[in-house]
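# okay, here's the prediction I keep looking at, along with the sequence it came from:
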Amino acid sequence: MVHTILKKLYPVLGCVLLLMPTFVFALQDGAARTPPMGFNTWNYFGCDGCSQANMLAVAKAMLKKHTGWDGQSKSLMDVGYKFINLDDCWENGIGAHPNNDTLKWDASRFPKGLPWLTDTLHKLGFQAGIYTCAGSSTCANRPSSQGYEAKDAMTFVKWGFNYLKDDWCSVSNGATAPQAYSKMGHGIVDAQKQLGIKSTFVFSLCSWGQTGNDSPWLFGDTCGHLWRTTGDIKAAWSGSDGSCKCVQGIFLSNYNHYQYAGPGKWNDPDMLEVGNGLTDQQGQSHFNLWCISAAPLLMGNNTPALNDVDPTFTTLANTEVIAVDQDSLGKQGHRVLGNGSSVDAYVKVMKTPDTTTVRKVAVCVVNWGSGAVGGQTITWANIGENSATKVYSVRDLNTHKNLTTSAAGSYTTAGIPAYGNQTLLFTNYPVGVLENPVTNKAINTGKLLTRVNGNVFELFVPRANSNVRIFNLSGKEISSCFAPTANWYRINSRASTGTYIVRINSDNSVLEGKAPMLAQ
Ligand code: GLA
């Protein structure tokens with residue numbers, strides 16, 4: 001019976017498949033579910049500095065612990081940077097691909113070889129990335145992959161890489177971007193299959209934001225995970241210079257495609273220039289704008305030179321801003337104020353356990369100009385909140401301070417210096433929900449906070465195997481305001497209304513959540 005029905009359907013299915021554009025199926029293979037984070041050699045080390053010695057120095061620097069804003073000692077790897085990626089000039093020789101042979105590395109730059117390098121990086125806990133080009137030679141005129149996609153994909157996988165950036169110089173014979181990138185993307189998948197390798201592999205398309213049928217945002221997710229939307233970035237705030245664009249221009253071009261971004265498929269406004277000559281203020285705004293855009297975060301600075309007090313480190317390791325970039329909902333921020341010329345505000349809706357009653361929204365307000373501007377008003381319509389009376393807490397992600405727990409209807413930011421930004425997190429939690437910000441899951445089941453009478457609240461947290469500590473939003477422990485009863489905690493009248501942070505340590509794990517107690 002089923003067979004007969006299927007038989008009738010075959011011709012119809014055949015027509016549907018024929019009418020479909022060539023590349024219709026998104027990869028969605030589990031790689032790059034959040035924007036990739038790591039380091040790439042190009043922006044600082046360039047062609048000449050692409051070497052084993054520099055890669056190892058970068059790895060060492062990324063493992064070095066520094067004291068972060070929260071007083072905790074963390075390395076760049078600890079805050080999420082896990083890829084170390086070679087860019088152009090690792091290849092041996094100049095010109096075309098060796099005839100019918102595999103690509104070779106430049107042994108003077110990589111004396112121990114690339115398999116040794118990937119192995120060393122893996123042992124240190126990193127993942128390793130490599131570069132090639134869809135044309136016959138790379139942008140620095142080294143041998144590259146046109147006509148050898150499957151062979152080179154196999155070579156890269158065998159060498160132990162699990163990230164590939166595929167550039168767009170010297171592409172000949174009328175190859176279109178969907179054709180060229182599909183060959184390489186599928187070459188990687190096939191190579192991994194043949195070798196029985198199960199780990200994820202990130203494929204990064206680098207065709208500089210071509211348009212028409214070659215627009216990477218229209219086909220990139222069928223074969224890869226991220227795609228450059230623009231020409232090469234330059235370490236300058238505004239203006240443009242030949243094919244090089246600056247932070248403002250690159251950001252605005254990339255912004256045009258915001259609706260195409262999502263888990264496993266990212267617009268790439270090019271690698272970071274933080275620490276390469278921008279002022280500290282510009283560097284912070286550049287970084288925060290990339291994070292509100294859910295952009296890949298590939299550091300491109302002299303990482304080995306970073307020290308504890310370096311503002312570049314502070315910016316790159318701002319875990320609260322990184323969390324905006326890495327949010328699992330994967331939205332790219334959209335503009336709600338301005339037109340890309342003087343002051344703009346971008347809004348990124350974040351993952352919450354329940355987006356209808358619990359909302360978390362990141363906002364980045366940027367001052368593109370060279371003069372300070374006054375505070376900017378963000379309305380509830382701007383953050384997508386329907387109810388004008390809903391109360392939000394607002395946290396400053398640059399200074400790590402809570403600005404208010406009771407904003408309603410709108411919030412006006414502080415003034416913004418030249419080239420500066422205000423990056424804020426707006427959170428609305430209804431009474432009764434305690435969220436673990438790591439898993440974005442409600443910790444409690446059912447009611448958590450109830451008002452008994454007056455200012456007395458009960459906090460329903462299982463006491464059996466939990467050690468509950470309660471902090472106010474300034475981080476001060478206020479556990480003594482809560483009296484344990486048989487099954488739950490009771491807040492006595494000394495506790496004022498407001499939002500509380502509750503930490504629950506159970507089975508050596510730490511859960512943390514916020515719970516508001518609103519005046520009624
Ligand atoms: C192109 C790319 C850059 C870099 C260089 C290397 O310009 O867009 O990101 O990879 O090639 O030659």
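Okay, I see it. Numbering: from 1, shown residues only.
# what residues does the stretch 101-250 of the chain have near the ligand?
Residues of the stretch 101-250 of the chain lying near the ligand by Cβ under 6 Å from any ligand atom: 138-140, 167, 206, 232. In this view, the C-beta of every residue, glycine as well, is placed from N, C-alpha and C.
# which ones among those residues map onto helices?
Of those, none are assigned to helices by DSSP state H.
# run through the residues that contact residue 70.
319, 400 (Cβ atoms under 8 Å, 6 or more residues apart in numbering).
# Provide the secondary structure category for it.
Of the three states, residue 70 takes coil under DSSP: H, G, I helix; E, B strand; the rest coil.
# now it: how far from residue 317?
10 Å (Cβ to Cβ, to the nearest Å).
# if we can go back for a sec, in the residues of the stretch 101-250 of the chain next to the ligand, which has the lowest confidence score?
Across these, the bottom pLDDT score, 95, is held by residue 232.
# tell me, how many residues neighbour that one?
17 (other Cβ atoms under 10 Å).
# that one contacts residue 246, correct?
No - using Cβ atoms under 8 Å, residue 232 makes no contact with residue 246, being 10.6 Å away.
# tell me the one of the residues of the stretch 101-250 of the chain next to the ligand nearest the ligand?
For those, the closest approach to the ligand (Cβ to the nearest ligand atom) belongs to residue 139, at 3.3 Å.
# my guess is that closest one meets residue 169, correct?
Yes - contact criterion Cβ under 8 Å: residue 139 and residue 169 qualify, at 4.0 Å.
# what's the end-to-end length of stretch 200-219?
20 Å (Cα to Cα, to the nearest Å).
# can you tell me the helix or strand for residue 403?
Counting by DSSP states H and E, the element that carries residue 403 is strand 401-408.
# show me the shaky parts of the stretch 251-400 of the chain.
353-358 (pLDDT under 70).
# let's verify the residue lying closest to residue 132 once chain neighbours are set aside: helix, strand, or coil?
Once flanking residues are discounted, residue 132 sits nearest to residue 145: 4.6 Å by Cβ to Cβ, 6 or more residues apart in numbering. Classification of residue 145 using three-state DSSP returns coil.
# give the contact list for residue 145.
Neighbours of residue 145 in contact, by Cβ under 8 Å, 6+ apart: 97, 103, 132-134, 152, 166, 184.
# which one of the residues you listed has the most neighbours?
residue 166 (30 neighbours).
# so that one is in contact with residue 204, correct?
Yes - applying Cβ under 8 Å, one finds residue 166 in contact with residue 204, separated by 6.8 Å.
# shared neighbours, the two?
The contact lists of residue 166 and residue 204 share residue 224, where a contact means Cβ under 8 Å, 6+ apart.
# residues touching the closest residue to residue 109 other than its chain neighbours, list them.
Once flanking residues are discounted, residue 109 sits nearest to residue 51: 4.3 Å by Cβ to Cβ, 6+ apart. By Cβ under 8 Å, 6+ apart, the residues touching residue 51 are 45, 109-110.
# got the residues of this protein near the ligand?
Taking Cβ under 6 Å from any ligand atom, the part of the chain that reaches the ligand is made up of 42, 87-88, 138-140, 167, 206, 232.
# before we move on, back to that, output the residues of the stretch 101-250 of the chain next to the ligand as TSV; include the columns distance to residue 298.
Formatted as TSV, those follow (distance: Cβ to Cβ, whole Å):
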residue	distance to residue 298
138	18
139	17
140	18
167	14
206	12
232	13
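# got a PyMOL select line for the buried ones in those?
Buried residues among these (16 or more other Cβ atoms under 10 Å), as a PyMOL selection:
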select buried, resi 138+139+140+167+206+232
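# of the residues of the stretch 101-250 of the chain next to the ligand, closest to residue 387?
The shortest approach to residue 387 among those belongs to residue 206, at 44.0 Å (Cβ to Cβ).
# how near is the residue in the stretch 301-450 of the chain that the ligand sits nearest to to residue 415?
Nearest to the ligand in the stretch 301-450 of the chain, going by Cβ to the nearest ligand atom, is residue 301, at a distance of 14.9 Å. Between residue 301 and residue 415 the computed distance is 29 Å (Cβ to Cβ).
# do the same with residue 396
Using Cβ to Cβ, we find residue 396 at a distance of 13 Å from residue 415.
# how long is stretch 69-81 from one end to the other?
Start-to-end span of stretch 69-81 (Cα to Cα) is 17 Å.
# pull out the buried residues from it.
Neighbour-count burial for stretch 69-81 flags 74-81 (criterion: 16+ other Cβ under 10 Å).
# give the rounded mean pLDDT of that stretch.
For stretch 69-81, the per-residue pLDDT averages 93.
# settle it for me: which of residue 301 and residue 415 has more neighbours?
Comparing residue 301 with residue 415 by neighbour count (other Cβ under 10 Å), the higher total belongs to residue 301, at 26 against 12.
# touching, that one and residue 272? I think so.
Yes - assessed by Cβ under 8 Å, residue 301 is found in contact with residue 272 at 7.2 Å.
# what do those two both touch?
Contacts common to residue 301 and residue 272, judged by Cβ under 8 Å, 6+ apart, are 43, 316.
# quick one on the thing from earlier: avg pLDDT for the strand holding residue 403?
Rounded mean pLDDT across strand 401-408 is 83.
# from the chain's centre, how far out does it sit?
Offset of strand 401-408 from its chain centre (Cα atoms, centre = their mean, to the nearest Å): 26 Å.
# where exactly do the helices run in the protein?
2-19, 42-45, 52-63, 114-123, 149-159, 177-195, 216-219, 247-255, 280-292, 311-316, 319-325.
# helices or strands next to the fifth one in the packing?
With contacts defined as 3 or more Cβ pairs under 8 Å, 6 or more residues apart in numbering; DSSP states H and E, the secondary structure elements packing on helix 149-159 are helix 114-123, strand 127-133, helix 177-195.
# average model confidence for the longest one?
The predicted model assigns helix 177-195 a mean pLDDT of 97.
# distance between that helix and the chain's centre?
Relative to its parent chain, helix 177-195 has a centroid offset of 24 Å by Cα atoms, centre = their mean.
# and it, what does it pack onto?
With 3+ Cβ pairs under 8 Å, 6+ apart as the test, helix 177-195 has helix 149-159, strand 163-167, strand 202-205, helix 216-219 packed against it.
# residue 379 is nearest to which of those?
It's helix 216-219; of the helices and strands packed on helix 177-195, that one is closest to residue 379 (Cβ to Cβ) at 29.6 Å.
# which other helices and strands does that closest one contact?
Short answer (3+ Cβ pairs under 8 Å, 6+ apart): helix 216-219 packs on helix 177-195, strand 226-228.
# return the most buried member of the ones you listed.
strand 226-228 (a mean of 28; mean count of other Cβ atoms under 10 Å).
# pLDDT on it, on average?
For strand 226-228, the per-residue pLDDT averages 98.
# what's it in contact with?
Under Cβ under 8 Å, 6+ apart, the answer for strand 226-228 is 32, 35-36, 202, 204-209, 216-217, 220, 265-270, 296.
# related to what we said a few turns ago, now for residue 139 and residue 169: what residues contact both?
Contact with both residue 139 and residue 169 is made by residues residue 133, according to Cβ under 8 Å, 6+ apart.
# surely residue 182 and residue 222 touch.
Yes - in terms of Cβ under 8 Å, residue 182 counts as a neighbour of residue 222; the distance is 7.0 Å.
# distance check, residue 66 against the ligand.
Residue 66 is 28 Å from the ligand, where distance means Cβ to the nearest ligand atom, to the nearest Å.
# that residue bridge partners, please.
Legend: beta-bridge partners of residue 66 under DSSP bridges are residue 74.
# surely it touches residue 313?
Yes - the pair residue 66 / residue 313 is scored as a contact, 5.7 Å apart, by Cβ under 8 Å.
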